[in-house]
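1. just need the structure, nothing else, for what follows:
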Amino acid sequence: MRRSVAPWAFLAPYLAVFFVFFLLPALWSAVMSLTDWKIVGTPRLVGFKNYLRLLTDPLFYTAVKNTLVYTAVIVP
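-> Numbering: from 1, shown residues only. Coordinates of the predicted model:
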């Protein structure tokens, strides 16, 4: 019994931090990206309309281009 518990005891702090600071915020962000919420009031589920609006916005492609250029120049 002791042999099977020891590895989990060492992993428990990492798993707790991973869950609280990475997994929960990532899942919450994914859920919130599917809503229309003005901070005041209740969120309204809109599905993938936010992503459709993003893909049809010309400023999005400008931002992607700027990010790629900046990364190509700064990273090397």
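
2. from the chain's centre, how far out does stretch 51-69 sit?
-> Relative to its chain's centre, stretch 51-69 lies at 18 Å (C-alpha atoms, centre = their mean, to the nearest Å).

3. cool, stretch 29-38 as well?
-> 11 Å.

4. now the end-to-end length of it.
-> End-to-end distance for stretch 29-38, by C-alpha to C-alpha, to the nearest Å: 15 Å.

5. list the contacts of the closest residue to Leu45 other than its chain neighbours.
-> Excluding its sequence neighbours, the residue lying closest to Leu45 (C-beta to C-beta, 6 or more residues apart in numbering) is Thr35, at 5.5 Å. C-beta coordinates here come from the backbone N, C-alpha and C atoms, glycine included. Contacts for Thr35 (C-beta atoms under 8 Å, 6 or more residues apart in numbering) come out as Pro43, Arg44, Leu45, Val46.

6. please look at the first one and Asp36 and confirm they touch.
-> Yes: using C-beta atoms under 8 Å, Pro43 is in contact with Asp36, at 7.1 Å.
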